[in-house]
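Student: What would the 3D arrangement of this be:
(one chain, ligands or ions: 2)
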Amino acid sequence: MRSPADVRGFEAVARERLDPAHYDFFAGGAGDEITLRANEAAFGRLALLPRVLRGTDKPELDVTLLGCRASLPVLVAPTAFHRLADPEGERATARAAATAETIMMVSMASTVAVGDVAAAAPGARLWFQLHVQPDMAFTETLVRRAEAAGCGALVVTVDAPVFGRRGRDERNGFHDLPDGLCCENMRDGDRVRPIEFSPAISWEHIGRLTELTSLPIVLKGILHPRDARTALDHGVSALIVSNHGGRQLDTAPATVDVLPEVAAAVAGAVPVLLDGGVRRGTDVLKALALGADAVAVGRPVLWGLGADGERGVVRVLDLLRAEIEDALALCGVASVHDLEPGMVRRAW
Ligand SMILES: Cc1cc2nc3c(=O)[nH]c(=O)nc-3n(C[C@H](O)[C@H](O)[C@H](O)COP(=O)(O)O)c2cc1C
Ligand SMILES: CC(C)CC(=O)C(=O)O
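Tutor: Residues are numbered from 1 along each chain as shown. Ligands and ions are numbered 1, 2, ... in the order given. As a prediction, the model looks like this:
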């Protein structure tokens, strides 16, 4: 196979290879998919204003987040069910993230147990994503599994008190994993628990989690600047500006559009990450210029995995790295730490 030249090319190959219902599960969003489309479209509406004659031979791409270094400001967002894309599943993704020297957020809904993901990818920098379960005792079990696997942070998803309504899955009748696959982290003795959502989730749960673990807590799914302030009051270690890739509240705003307000509310107190719609190196520059310390990618990783397994994910992350390097050079910026809001203009 000739390797695709960009993330969209990987999506086309993955689409050919995947079962159509599984492709739709990965690609789809909630409701009319307005937010899903808006995430990408919002990056397209922003212009980068380049400077010239400020060259450098070696652009600086690495970032350190919660004591964890990443060789590029692109992390792997937590996504469910990697074994639908490749038999090695999350093992392959974690090895690719280790090769790229970046952080992988392992989904609680992974099809390989987090401990096995860690064992398969020595040197991987893993964070664990958690949906707080109504049964707090089992939530604690999940936290202990993440700690035992050596995860460096707990990423608590806060935009899913209920599960988003996803029309594609409804139409395809896709509600369960095929036989032989399950959410391995949910094993409890002889049974596998279903993932439950917690409609009553509140700031109190975040307080309880901070008492339960010494791992840094990252809140994933913040869009409102006031929630960002409240998160700081609760001792949270980082935030992810996210609308869950348009899979939860449809018509929630595009993440890059609300990023400046959230970044202003946080005012550098903790790292701010963004995910949703990042497909190009130029998207990464825009998010960093507008106040993100790093971004995360969900579907691009799944497209790499579906197209060519571990190699595909390595290639997707390499492509993004090369695009970031080129965009920095073309913008006359030597380091990802030197990007600032004045470089981004609302255009078109
Ligand atoms: C197929 C799929 C599964 C996902 N599973 C999870 C999950 O288990 N937990 C979670 O917090 N977010 C999950 N997300 C949301 C991602 O972490 C992330 O917010 C989103 O994919 C970012 O948008 P992007 O796909 O445009 O990069 C999932 C997203 C996709 C596409
Ligand atoms: C199966 C879910 C827990 C994961 C998912 O699809 C999501 O969070 O978007």
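
Student: Wait, a strand at residue 310?
Tutor: No: secondary structure of residue 310 (DSSP: H, G, I helix; E, B strand; the rest coil): helix, not part of a strand.

Student: For it, give me its contacts.
Tutor: By C-beta atoms under 8 Å, 6 or more residues apart in numbering, the residues touching residue 310 are 86, 88, 92, 93, 95, 96. Bear in mind the C-beta positions are built from the backbone N, C-alpha and C, glycine included.

Student: what about 6 Å?
Tutor: With C-beta atoms under 6 Å, 6 or more residues apart in numbering as the criterion, the residues that contact residue 310 are 92, 95, 96.

Student: Ok, residue 331 next?
Tutor: Going by C-beta under 6 Å, 6+ apart, residue 331 touches 48, 50.

Student: Now it, what are its backbone angles?
Tutor: In this entry, residue 331 is assigned phi and psi values of phi -90, psi -10 (degrees, to the nearest 10).

Student: residue in the stretch 201-348 of the chain nearest to ligand 2?
Tutor: Closest approach of the stretch 201-348 of the chain to ligand 2 (C-beta to the nearest ligand atom) occurs at residue 247, with a separation of 4.2 Å.

Student: ok, so what distance separates that residue from residue 342?
Tutor: Between residue 247 and residue 342 the distance, using C-beta to C-beta, to the nearest Å, works out to 33 Å.

Student: which one of these two has more residues nearby?
Tutor: residue 247 (24 against 8; other C-beta atoms under 10 Å).

Student: So for whichever residue of the stretch 151-300 of the chain sits closest to ligand 1, what's the pLDDT?
Tutor: In the stretch 151-300 of the chain, no residue comes nearer to ligand 1 than residue 298, which is 2.1 Å away by C-beta to the nearest ligand atom. At residue 298, the predicted lDDT confidence score is 99.

Student: Near the residue nearest to it when sequence neighbours are not counted, how many other residues are there?
Tutor: Leaving aside its sequence neighbours, residue 298 sits nearest to residue 77 (C-beta to C-beta, 6 or more residues apart in numbering; 4.0 Å). By the criterion of other C-beta under 10 Å, residue 77 has 27 neighbours.

Student: list the contacts for residue 77?
Tutor: Counting by C-beta under 6 Å, 6+ apart, residue 77 touches 275, 296, 297, 298.

Student: Alongside ligand 1, which residues does the stretch 51-200 of the chain contribute?
Tutor: Counting by C-beta under 6 Å from any ligand atom, the residues of the stretch 51-200 of the chain close to ligand 1 are 77, 78, 79, 80, 107, 109, 129, 157.

Student: Go again with 8 Å.
Tutor: Along the stretch 51-200 of the chain, the residues adjacent to ligand 1 under the rule C-beta under 8 Å from any ligand atom are 77-81, 105, 107-110, 129, 131, 155, 157, 159-160.

Student: before we move on, the earlier item: among the contacts of residue 77, which are located in helices?
Tutor: When helices are assigned by DSSP state H, not one member of the contacts of residue 77 lies inside them.
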